[in-house]
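J.: Have a look; sequence and predicted model below, questions after that.
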Amino acid sequence: MLKHYLAASTLAIAMATALPAAATEIAIGYLRAEQPAPPVLSNLRPDPADLGIAGAQAGLADTRTTGQFLGHDYTLDVVSVPPGGDVLGAARAALGSSRLLLLDAPADTVLAIADLPEAQGALLFNVAAPDPVLRDAECRANVLHTVASTAMRTDALIQVLLAKRWTDIVAVAGAHEADSAFMDALDRSAGKFGLKIGKRKIWAFDADMRRAASTEVPLFTQDLGDYDVLLVADELDDFGEYILYNTWRPRPVAGSVGMTPQTWSPALEQWGAVQLQERFRDTSGRDMQPEDYAAWAALRSIGEAVTRTGFAAPDALRAYILSDEFELDGFKGRPLSYRGWNGQLRQPIPVVHPRALVALAPVEGFLHQVNELDTLGLDAPEVDCTAFGD
């Protein structure tokens with residue numbers, strides 16, 4: 001009771017001292033730290049140049065629809081820093097113009113920006129870095145996370161495997177850092193739900209597989225033995241496509257390819273998702289991707305908080321967003337909210353193949369004492385985050 005009273009008091013004080021947003025401009029920044037693309041075996045699906053940015057612009061359009069009736073004028077200033085550029089300098093400049101900033105950057109850059117003196121008192125949204133550590137020991141009070149963490153995605157996948165009774169699991173992992181992190185998350189999720197990943201192999205090829213996959217991959221996977229499902233950790237889209245339909249045993253493939261857990265997918269068609277997809281295609285000319293959805297959700301979170309409170313100051317918005325009163329319609333069948341212990345956006349995770357939804361996690365039967373969405377990712381007892389005071 002005391003914790004809820006203090007939270008309510010904090011919200012009331014913040015709202016009382018914030019400047020009213022009516023008839024004012026709510027300036028929002030979007031800062032992208034461009035990353036050099038690593039060499040991969042396949043380049044069939046290059047990232048669009050406006051990845052993430054298009055999602056923020058779609059969120060801006062949706063937010064302006066409501067804001068125009070309330071006298072709220074939202075603007076979005078996008079800054080993209082090339083590899084090797086002065087990201088921190090760009091962040092200081094962006095924070096000088098807006099105290100609300102979306103960060104499309106790797107985890108170390110997010111932390112460096114959050115720790116800037118200029119960022120104290122600002123409200124930052126991590127829309128790209130899935131690293132669980134940002135929601136754990138390295139959390140920051142001024143950073144909220146709309147991109148699903150790697151742990152949320154792997155928890156969703158393991159729930160689906162259990163529901164299908166695919167419990168005899170083997171794995172193939174790439175050698176990149178992101179692949180190792182995804183494999184570690186798969187191991188953690190399997191243990192969390194009482195499973196264990198059995199035999200595993202590291203992807204050992206660095207040659208063009210387009211002609212050799214049908215002969216090399218069966219031999220590579222032969223000694224994995226029999227199993228229910230093969231998990232692939234290939235977060236860079238390097239080799240996973242060559243695993244599909246080429247394994248020694250005809251078994252389902254999941255993880256980074258095949259049946260995949262995503263923050264968002266074009267395969268979502270219920271709960272008004274089709275309308276969101278269509279609006280996005282009309283403005284961007286392509287499908288909404290997970291990075292776009294995370295940026296859209298950040299923009300919409302700001303808009304929803306401004307609409308409900310009537311204030312635009314970061315402290316007032318943060319207090320409301322982290323309160324029990326906040327809900328966001330994320331077109332995923334359940335209202336979305338933020339975890340008070342680490343700032344992560346609670347959200348269902350679609351587990352999909354490229355053309356259809358397989359399941360929406362949390363899967364029926366996975367229960368939680370407070371919110372079933374907290375079966376996905378780091379629950380309060382699991383985190384070592386003290387910045388949020390919960």
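T.: Structure's in. What do you need? Predicted model only: the values in this text are computed from it and were never measured.
J.: low-scoring stretches of the stretch 151-300 of the chain, by residue?
T.: Low-confidence segments of the stretch 151-300 of the chain, defined by pLDDT under 70: 206-211.
J.: residue ranges for the helices of it, please.
T.: In the stretch 151-300 of the chain, the helices defined using DSSP state H, counting those that start in this stretch lie at 177-192, 213-222, 240-243, 273-284, 290-309.
J.: got these as a markdown table, with distance to residue 385 and mean neighbour count columns?
T.: Heads up, the C-betas are built off the backbone N, CA and C, glycines and all. A markdown table is the format used below for these (distance: least, CB to CB, whole Å; neighbours: other CB atoms under 10 Å):
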| stretch | distance to residue 385 | mean neighbour count |
| --- | --- | --- |
| helix 177-192 | 17 | 20 |
| helix 213-222 | 39 | 16 |
| helix 240-243 | 32 | 23 |
| helix 273-284 | 31 | 16 |
| helix 290-309 | 19 | 25 |
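J.: Quick one, which of these gets closest to residue 250.
T.: Across these, residue 250 has its closest neighbour in helix 213-222 (10.6 Å, CB to CB).
J.: Need the pLDDT of the residue positioned nearest the centre of the chain.
T.: Centroid-nearest residue in the chain: residue 147, 1.9 Å away (criterion: CA atoms, centre = their mean). pLDDT, residue 147: 98.
J.: And the closest residue to it other than its chain neighbours, how far from residue 146?
T.: What sits nearest to residue 147 in space, not counting adjacent residues and going by CB to CB, 6 or more residues apart in numbering, is residue 294, at 3.9 Å. According to CB to CB, to the nearest Å, residue 294 and residue 146 sit 5 Å apart.
J.: what is in contact with these two at once?
T.: Counting by CB atoms under 8 Å, 6 or more residues apart in numbering, the contacts common to residue 294 and residue 146 are residue 127.
J.: Might one say that the residue nearest to residue 147 is in contact with residue 127?
T.: Yes. Residue 294 lies in contact with residue 127 (CB atoms under 8 Å); the separation is 4.2 Å.
J.: intersection of neighbour lists for those two?
T.: 52, 55, 146, 147.
J.: Among these, name the ones in helices.
T.: residue 55 (DSSP state H).
J.: quick check, nearest of the shared contacts of residue 294 and residue 127 to residue 268?
T.: residue 55 (14.4 Å).
J.: contact partners of stretch 367-378?
T.: 132, 135-136, 148-149, 151-152, 155-156, 159, 334, 337, 339, 342, 344, 346-349, 361-362, 366, 379-380.
J.: So which bits of it are buried?
T.: By 16 or more other CB atoms under 10 Å, the buried positions in stretch 367-378 come out as 372, 373, 374, 375, 376, 377, 378.
J.: Using PDB, write out the CA atom coordinates for it.
T.: Output of stretch 367-378 as PDB, limited to C-alpha atoms (Å, rounded to 0.1, in the frame of the first residue of the first chain):
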ATOM      1  CA  LEU A 367      -0.100 -18.000 -15.500                       C
ATOM      2  CA  HIS A 368       1.300 -15.100 -13.400                       C
ATOM      3  CA  GLN A 369       0.100 -13.800 -10.000                       C
ATOM      4  CA  VAL A 370      -0.300 -10.200 -11.300                       C
ATOM      5  CA  ASN A 371      -0.100 -10.000 -15.100                       C
ATOM      6  CA  GLU A 372       0.300 -12.800 -17.600                       C
ATOM      7  CA  LEU A 373       2.400 -10.600 -19.800                       C
ATOM      8  CA  ASP A 374       5.000 -10.700 -17.100                       C
ATOM      9  CA  THR A 375       5.700 -14.400 -18.000                       C
ATOM     10  CA  LEU A 376       7.600 -12.900 -20.900                       C
ATOM     11  CA  GLY A 377      11.000 -11.500 -20.100                       C
ATOM     12  CA  LEU A 378      12.500 -10.400 -16.700                       C
END
